[in-house]
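In: Turn this into a model:
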Amino acid sequence: MSSRTFFFIIIFLIAATSGLASVRRSRFSGMEETNLVKNGNLQDGTESWNTWQPKDSAEFTFNKRSGYLNITIPDSFSLATWYQPVKNFRKDKTYEAQCLIKTKDILSSSPWGGAQLKIEFWEKGKWAGYVASPTMQGTHIWHKTECRFQVPENVDEIRICPFMVNCKGSAGFKNFSITVYQPAGIPEFPENGNIDSLGGWKNITGKKTGFFHVERIRNRWWIIDPEGNAFISMGVNAMAYNGDEGLNTGVARYRDTVSGKYETRGEWADSTIKRIAGLGFNTVGSWSDDETFNAGMPYTKILYMGDNALYRGGISIGCFADVFSDEFVTWCEGIAETECAARKDDPLLLGYFLDNEMKWMGGWEDNPKPLLNRYIESGESKGKTCAIEMLKQKYGTVEKLNEVYNIHSSDWNNINSLPVRKGFFDRAVRDQLDFLGLVAERYFEVTARTIKNCDPNHMILGCRYAYNTPDAVWAVSGKFVDINSVNIYDQIPAERTLKHCYKLSDRPIMITEFSFKAMDSGLPNIKGAGTPLLTQKDRAEYYTRYVTETVKLPFLVGFHWFKLTDQPYEGRANPPDGENCNYGILNENDEMYETLGNAMSNVNKAIYNLAK
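Out: Model (predicted):
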């Protein structure tokens, strides 16, 4: 063999095994698939995020030949990204984006901060949404990450983005690819067997108390049902006779359908519970009608203690209830006496949700005003007094506070506002998070105490966090709740993030909203969480993957699907946010999506075997 021939053989082998070649073999079908990404063509995209620090606050090292990118973020910076535009895609395909990520010395103030791979959607030069892989923080070795996506109808460009957010430290990215995803098919799972009348599993037993509670048995958390058997809560949210009324139409198609099928709401509830039980569900989720509580299935109750105090009681600092006020305590006592006292002996009640997706960060808008700043601006309130007292303890003198915040207050009593700081490792931002811990402590202490005074028998199921709730809140909650609850509309929850949240609170976790929507339903799927899929078959596959992979975590004790029925094409009127998505197990004609239903049945009826 000539030296020239040997040289070309070596070059071929390197290209074939490096992951940088433009063609690779599918793990599922064996077909060759074209990689849409040119690994040497990444661009600096940080400048386009003009609400953040300037791009020169981050350091980038990019090897154009190999496609290797390293991003380093100092303390004062929150976000950095590069990207490559991709236009040669098809909208009738499902794609899988992948890369390798290695992180070093990443620190974050939140469970969702770190390095990740994002796919951004762009329409006529404007950002139109994204999907993303789970974030990574402490990998230290190369790990593959992936996300699957389908391109929305009006999108004309996608961007693959190595991305760092809400953190400092360094991360390396390489071997980027976007290829057509070839599903392997949905496996059949063996049914659990040995199920009790409530949906619990007789193969694992705990203490029989007559009420639902949690126990850690052989290194796994379980809900224990009133009969003393292990229970994983598989729930459906919003089982409501009225369904959703269309925005500005006054029409509720689901209600019109079922009112013609059933003589009474009770008959509808019995039929609906029987249908979802046939799919292996065992819990009535939030926003369900009271009639469903009387149909023999375990149920949950959402109390809205904070939001009711805020919006109905006027106990407000803007976007959050003034939890330090005496009025907040009185309001919570009233809710507990009304909603909890009469239920204290009900064995079918799983427990109480305190609220849903509270604005712990100060709001949902970009750069929201933190709760510390809102309390400081709240006038002569007990909450402001607590905030000033915390700052006194941290700084000692007002002069030191002035130095950190670059203000000119002559006296603690003259502080009526503070500048909002962005850097996650800024000392002033630490103040925001420390005060948030005090707010959370007060909120959970008051709500838990007032409930337990009226009903000592049932669990407190947390407050259904949005996925981006800070560490400070998770850490405090474990003192007061039996189960923490969180809503996650990702393709699959980040295992590392859930483990981190569990470690903070040492309480089991229930996922209380997740869903997938598809375009073949005929609905717009524009407003509402989650990226649309193409078909009902995709929904079935994504449900299977989400539940089977996540239930393996030993602290996961429940999954609640959002929701029973589709939303109206015109958008829902209550709340008037216009959500118009194919979230339903049923359409508005009360017809089941059979492919999705079969997948749910397959997974749900095997849930204990999958979890053990």
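In: hey, where'd the strands end up in the stretch 451-600 of the chain?
Out: 459-460, 465-466, 484-487, 509-514, 556-561 (DSSP state E, counting those that start in this stretch).
In: so F514 sits right up against Q491, yeah?
Out: No: the pair F514 / Q491 is not scored as a contact, 9.8 Å apart, by C-beta atoms under 8 Å. C-betas here are computed from N, CA, C, even on glycine.
In: Compare those two (neighbour count), which wins?
Out: Per other C-beta atoms under 10 Å, whichever of F514 and Q491 has more neighbours is F514, with 26 against 21.
In: ok, back up a step: which among the strands of the stretch 451-600 of the chain is found nearest to R148?
Out: Ranking the strands of the stretch 451-600 of the chain by distance to R148, with C-beta to C-beta as the measure, places strand 509-514 first at 15.3 Å.
In: ok and that closest one relative to strand 556-561, angle-wise?
Out: Here strand 509-514 points in a direction 10 degrees away from that of strand 556-561 (axes from the mean of the first three to the mean of the last three C-alpha atoms, to 10 degrees).
In: how about the CA coordinates for strand 509-514, as PDB?
Out: What follows is strand 509-514, C-alpha atoms only, in PDB (Å, rounded to 0.1, in the frame of the first residue of the first chain):
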ATOM      1  CA  ILE A 509     -42.500  15.400  43.300                       C
ATOM      2  CA  MET A 510     -45.600  15.200  41.200                       C
ATOM      3  CA  ILE A 511     -45.800  16.600  37.700                       C
ATOM      4  CA  THR A 512     -49.200  18.400  37.600                       C
ATOM      5  CA  GLU A 513     -49.400  19.600  34.100                       C
ATOM      6  CA  PHE A 514     -47.900  18.200  30.900                       C
END
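In: quick one: strands adjacent to that strand?
Out: In the sheet, strand 509-514 lines up against strand 484-487 (parallel), strand 556-561 (parallel) (DSSP bridges).
In: Could I get those in TSV, plus columns for mean neighbour count, distance to L523 and mean pLDDT?
Out: As requested, the strands paired with strand 509-514 are arranged in TSV below (neighbours: other C-beta atoms under 10 Å; distance: least, C-beta to C-beta, whole Å; pLDDT from 0 to 100):
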stretch	mean neighbour count	distance to L523	mean pLDDT
strand 484-487	25	21	97
strand 556-561	26	17	98
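In: quick one on the thing from earlier: which one of the strands of the stretch 451-600 of the chain lies closest to T447?
Out: Nearest of the strands of the stretch 451-600 of the chain (C-beta to C-beta): strand 459-460, 7.7 Å.
In: avg pLDDT for the closest one?
Out: Per-residue pLDDT values over strand 459-460 give a mean of 98.
In: shared neighbours of F514 and Q491, which are they?
Out: Here F514 and Q491 have Y546 as joint contacts, going by C-beta atoms under 8 Å, 6 or more residues apart in numbering.
In: before we move on, the earlier item: so which of the strands of the stretch 451-600 of the chain is nearest G478?
Out: strand 484-487 (7.4 Å).
In: any idea how far the closest residue to I607 other than its chain neighbours lies from N413?
Out: The shortest distance from I607 to any non-neighbouring residue, by C-beta to C-beta, 6 or more residues apart in numbering, is to I232 (5.3 Å). Counting by C-beta to C-beta, to the nearest Å, the gap from I232 to N413 is 54 Å.
In: what about the two, which has more around it?
Out: Using other C-beta under 10 Å, the more surrounded residue of I232 and N413 is I232, with 25 against 9.
In: contacting residues around the more buried one?
Out: Counting by C-beta under 8 Å, 6+ apart, I232 touches 201, 222-223, 551, 556-559, 607-608, 611.
In: Export those to CSV and append columns for distance to C501.
Out: Shown next, in CSV, are the contacts of I232 (distance: C-beta to C-beta, whole Å):
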residue, distance to C501
W201, 25
W222, 19
I223, 18
V551, 16
L556, 11
V557, 14
G558, 15
F559, 16
I607, 21
Y608, 24
A611, 19
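In: Just give me the closest of the residues you listed to A321.
Out: Nearest to A321 out of the contacts of I232 is G558 (C-beta to C-beta; 26.6 Å).
In: Surely the closest one and F281 touch.
Out: No: counting by C-beta under 8 Å, G558 stays clear of F281, with 10.9 Å between them.
In: Between those two, which contacts overlap?
Out: Common contacts of G558 and F281 (C-beta under 8 Å, 6+ apart): 234-235.
In: residue contacts, V481?
Out: 444, 448, 460-462, 505, 507.
In: next one: phi and psi at F281?
Out: phi -80, psi 150 (degrees, to the nearest 10).
In: ok, now which ones touch it?
Out: 234-236, 561, 600, 604 are the contacts of F281 under C-beta under 8 Å, 6+ apart.
In: swap the cut-off to 7 Å and go again
Out: Neighbouring residues of F281 by C-beta atoms under 7 Å, 6 or more residues apart in numbering: 234-236, 604.
In: Now, those that are in helices?
Out: N604 (DSSP state H).
In: and which of the contacts of F281 is nearest to Y181?
Out: Comparing those against Y181 with C-beta to C-beta places N604 closest, at 24.7 Å.
In: For I232, see how far away that closest one is.
Out: Computed as C-beta to C-beta, the N604 to I232 distance reads 9 Å.
In: before we move on, what about W122?
Out: In terms of C-beta to C-beta, W122 sits 40 Å off from I232.
In: D196 now?
Out: Per C-beta to C-beta, D196 is found 13 Å from I232.
In: the domain parsing of this protein - what is it?
Out: Here the domain parsing of the chain from automatic domain parsing is 17-180, 201-301+501-525+546-611, 371-427.
In: could the ones you listed go into a markdown table alongside distance to D538?
Out: Converted to a markdown table, those look like this (distance: least, C-beta to C-beta, whole Å):
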| stretch | distance to D538 |
| --- | --- |
| domain 17-180 | 7 |
| domain 201-301+501-525+546-611 | 6 |
| domain 371-427 | 36 |
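In: Quickly compare those domains and say which is most buried.
Out: domain 201-301+501-525+546-611 (a mean of 20; mean count of other C-beta atoms under 10 Å).
In: start to end distance for that one?
Out: For domain 201-301+501-525+546-611, the first-to-last residue distance is 11 Å (C-alpha to C-alpha, to the nearest Å).
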